[in-house]
Structure formats: structure tokens, C-alpha cells
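**Student:** What follows is a predicted structure for the sequence shown.
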Amino acid sequence: MLDINKVRADFPILNEKVNGKPLVYFDNAATSQKPQVVIDAVANYYATINSNIHRGVHTLSQLATDAYEISRQKIQQHINAKHSHEVLFTNGTTHGINLVANGFAPFVKQGDAILISAMEHHSNIVPWQMLCERVGADLLVIPMNDKGELLMDAFEKLLTEKVKLVAVNHISNSLGTINPIEHIITKAHAVGAAVLIDGAQSAPHLRPDVQALDCDFYTFSGHKVCGPTGSGILYGKEEWLNKMPPYQGGGEMIKEVTFEKTTYADLPHKFEAGTPNIAGGIVLGTAIEYLNSVGLDNIMAYEQELLEYGTKKLLEIEGLKIYGTAQNKTSVISFNVGNIHPYDIGAIVDKMGIAVRTGHHCTQPVMDFFKIPGTVRASFSFYNTKQEIDALVASVLKAQRMLS
Ligand code: PMP
């Protein structure tokens, strides 16, 4: 069981006032808040061991290198990767997906296909479009129904041997749908396609077991799991990472450089050119430890309670429609009220100290599917409360009175 008072005490920002009102932070799908232990770890790194990693003989550099590599191992254990060199530090999910979309180019020919889904974030659409344009491949899309669930029959029809890679999100950021990735991975492998899972929205709620899932790539952002911005990881199976060419060239990723030829470093360094976000990488490990100390099972169970409560309370508002009503979903409620523009609701609830996101949430095709310009999105985290949801409901009602 999660002790909500104890948890809230870990997050100093929850004591802030916004527009004179206590902050109610419901924009967790965009980025999470940071517990004190994470904030302290950033300061502690710069105050005690700040140094460039991997190249120094001096003690400080070795301390920083050790901390960075220990963090990699913590993340390896967390996602159950076979080897720590299968965990690449990135600056976030977008970076992870672009790295794969670039490195995968030699394995996709003209006439082949990449298969994504109708509910992808732009960062799991555009890199694949760029790859398809580059090699002359087709981008195929798994459709969804009105609840925001992927159509598995259509998926199986689209999945021919032309498909070289399937890239889907584990959980949709605009609808909250939890996708059946186990099934998708098994089916994709049956036609010889590799699978990338965009775990940006799942990592804050679920512990991925990449070996049990048998996915080829899994990526997430540190800032959504209570870690620093500009941190993240890409898991890739060793076999793929060895085959793929590096994404960026530079220092750290080489074995030997001459003007005639460069040979590349072993994994993971081959994909980690330049000075990385050292503090970010180290503190991402701290953030994952923090989440595990609260317990992801406790987090998920508590957030499901908030989801159920929030859904029920919001639906009591006349004219309110929720987009994303899948059976299996996380604590994201995307909604509109009558014909009121989502931005107007967002602006009014903000005056009451409540942070929600409005717009297309980087999923324009999802908005096109529902024929709407955008939604108001309230995304709950494990440090939110039912009282905060009541405050949201009251402020949406107030916005409705003011605007209609
Ligand atoms: N995919 C999904 C499903 C997301 O929710 C996000 C962030 N909103 C991203 C990818 C991109 O993550 P980042 O901006 O941290 O790279």
C-alpha cells in the first residue's frame, strides 16, 4: 500500500502555490515532478564528483565513471536486460527512437515496410517517415477503434514479410491505452520483423522485463520517471546493436581514428559519442531506485484508483466526453466539454492552480481520428489525490459556466 502523505512529502514542488492557489499538478504524462532524493543527487554530483567520464586516470574522473556505470547496471537490472552494454544512455525517448530509425536503415530496402500504430506520439512517427523516405520503404499504420484500442485483426493483415520493423508505444500518451505489446512482439517476430517499444508512458507505471517481452528495442525518458530532463535510455538487443552502424560520430565512440579509417568502440560506447549528460545518467539510476522504493505495483494500483474516481467524477459534468476508453488504460483522462475549446478550459483551470495539458499532445493523427482540434488532458501520478481531482472537477464546472 502506498502511503500518500509520506509520498507527497518527498516532492517539495507540491508545496508551491500557483496563481495564489496550492499547485495541483495533473500534467504528469508530459513530465513528472522530482522527489527530494533526485534533486539532492543532482546537486551532490556537481558538488562532489563532477568530472568527465571514461577518459581520465584521475580519481575524480574514475568516481564519476563508476557512478555512471553503476547507474547503467541499476537500469539493466530494473528492465532485466541480459547485459549492461545493451542499455544505452540517451537524452530521452525521441533520441532513442531516432537512433534506431537511423541505425536500422541498412536493414530496410525499397518496397519493405515499417509498421507503426494510429496512436503514436510524433516522435514515433516522424523518424520512421524519414527512414522510409530515405530508403523508399512504406510506412504502414495499425488502425484503432473509437475506444482507442488497436485493431489486432487489421494488424495481422498488415503484418507481411515486407515489414522489417514494428514500432509501437506501450501506453498511449493522449489516450492512456495500454497496448497488447506481448502479442504484437510475438506476431511480428513470426514474420521476421524487429520490434521497438516506445516506453515513454509505460516506464513511470510498469517495470518492463525486456527479456520476457523479447522486444528488440525499448526506450524511455528519464524526466517522466521522476528523473532529470535530458536523460533516458535505449535498450537494444546486443545482436542488433552490434549490427547497426553508430548514430553519431565523435569522441568516446571510437577504437582507433586515422584519416583513412575509423574503427568503432565496443558497446555501449559505439552509440554514446561525445560527453554525455553525466549527472542525468547517474541520477536516472537514483530516480529508478526511488520508484522501486515506492513500488511500481503500489503506484499502478493507486493510480488506477485515481483513474476510476476521476473518470466517474468528470463524467458527471454535462457534455463532457472522454477520448480513450479502452478497457486497459493508465491514469490519463483526455476530454472535451461540449464545444468549448480545450485551451480555454486549460487557461481557466490554471488560474485555480491546476496544471493540465491542452492541445494535440504531439499526436495530431489521434486528434484527426476523433475530428477534434485537441483535448484537455489530466494525467494523474502516484503523488496526486482524490481531493485534487475534486478541485479539477470544480474548476472545470466553473470554466463551463463562464464559457457557455
Ligand atoms: N513517446 C511518447 C508516448 C511520449 O509520451 C513522449 C513524450 N511526451 C515521447 C515519445 C517523447 O519523449 P521525449 O520528449 O522525452 O523524448
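**Tutor:** Nice, I can see it. Residues are numbered from 1 along each chain as shown.
**Student:** Rounded mean pLDDT for stretch 66-75, please.
**Tutor:** Averaged across stretch 66-75, the pLDDT comes to 98.
**Student:** Can I get it in PDB, CA atoms only?
**Tutor:** C-alpha atoms of stretch 66-75 as PDB (Å, rounded to 0.1, in the frame of the first residue of the first chain):
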ATOM      1  CA  ASP A  66      31.900   4.400 -11.700                       C
ATOM      2  CA  ALA A  67      28.700   6.200 -10.700                       C
ATOM      3  CA  TYR A  68      27.700   6.400 -14.300                       C
ATOM      4  CA  GLU A  69      28.300   2.800 -15.000                       C
ATOM      5  CA  ILE A  70      26.700   1.700 -11.700                       C
ATOM      6  CA  SER A  71      23.600   3.600 -12.800                       C
ATOM      7  CA  ARG A  72      23.700   1.700 -16.100                       C
ATOM      8  CA  GLN A  73      23.700  -1.500 -14.100                       C
ATOM      9  CA  LYS A  74      20.800  -0.400 -11.900                       C
ATOM     10  CA  ILE A  75      18.800   0.300 -15.100                       C
END
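**Student:** So which residues on the stretch 301-404 of the chain come close to the ligand?
**Tutor:** Residues of the stretch 301-404 of the chain lying close to the ligand by C-beta under 6 Å from any ligand atom are Cys362. C-beta here means a position set from N, CA and C on the backbone, and glycine is covered the same way.
**Student:** Helices of the stretch 301-404 of the chain, start to end?
**Tutor:** Ranges of helices in the stretch 301-404 of the chain, per DSSP state H, counting those that start in this stretch, are 342-351, 364-370, 386-403.
**Student:** would JSON lines of these with mean neighbour count and distance to Pro245 be doable?
**Tutor:** Below are the helices of the stretch 301-404 of the chain laid out as JSON lines (neighbours: other C-beta atoms under 10 Å; distance: least, C-beta to C-beta, whole Å):
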{"stretch": "helix 342-351", "mean neighbour count": "18", "distance to Pro245": "42"}
{"stretch": "helix 364-370", "mean neighbour count": "18", "distance to Pro245": "30"}
{"stretch": "helix 386-403", "mean neighbour count": "17", "distance to Pro245": "48"}
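**Student:** For Lys157, find the nearest of the ones you listed.
**Tutor:** Across those, Lys157 has its closest neighbour in helix 364-370 (18.9 Å, C-beta to C-beta).
**Student:** Now that closest one - C-alpha only, PDB.
**Tutor:** In PDB, the C-alpha atoms belonging to helix 364-370 read as follows (Å, rounded to 0.1, in the frame of the first residue of the first chain):
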ATOM      1  CA  GLN A 364      -2.200  15.000 -34.300                       C
ATOM      2  CA  PRO A 365      -3.300  11.800 -36.100                       C
ATOM      3  CA  VAL A 366      -5.200  10.800 -33.000                       C
ATOM      4  CA  MET A 367      -7.000  14.200 -32.900                       C
ATOM      5  CA  ASP A 368      -7.800  13.900 -36.700                       C
ATOM      6  CA  PHE A 369      -9.200  10.400 -36.000                       C
ATOM      7  CA  PHE A 370     -11.700  11.900 -33.400                       C
END
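**Student:** contacting residues around it?
**Tutor:** The contact list for helix 364-370, computed with C-beta atoms under 8 Å, 6 or more residues apart in numbering, reads 118-120, 122, 125, 141, 144, 148, 172, 174-175, 323, 360, 373-375.
**Student:** Tell me who's in contact with Asp350.
**Tutor:** Contacts of Asp350 (C-beta under 8 Å, 6+ apart): 18-19, 356.
**Student:** Restrict the residues you listed to the buried ones and give me that as a ChimeraX selection.
**Tutor:** Command for ChimeraX that selects the buried part of the contacts of Asp350, burial taken from 16 or more other C-beta atoms under 10 Å:
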select :18,356
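**Student:** Out of the contacts of Asp350, which comes closest to the ligand?
**Tutor:** Taking C-beta to the nearest ligand atom as the measure, the ligand lies nearest Val356 of those, at 14.5 Å.
**Student:** is it true that the closest one touches Ile389?
**Tutor:** No: contact criterion C-beta atoms under 8 Å: Val356 and Ile389 do not qualify, at 11.5 Å.
**Student:** how's this protein carved up into domains?
**Tutor:** 4-27+295-403, 51-293 (automatic domain parsing).
**Student:** What's the end-to-end length of the last one?
**Tutor:** Just to be clear, that refers to domain 51-293. End-to-end distance of domain 51-293 (C-alpha to C-alpha, to the nearest Å): 29 Å.
**Student:** Just read off the phi/psi values of the residue positioned nearest the centre of the chain.
**Tutor:** Residue closest to the average C-alpha location in the chain (C-alpha atoms, centre = their mean): Ala200, at 1.0 Å. Backbone torsions of Ala200, given as degrees, to the nearest 10, read phi -50, psi -40.
**Student:** my guess is it meets Ser174, correct?
**Tutor:** No: taking C-beta under 8 Å as the definition, Ala200 is not a contact partner of Ser174, at 11.9 Å.
**Student:** Next to the ligand in this structure, residues from the stretch 1-150 of the chain, please.
**Tutor:** Counting by C-beta under 6 Å from any ligand atom, the stretch 1-150 of the chain comes close to the ligand at 92-94, 121, 123-124.
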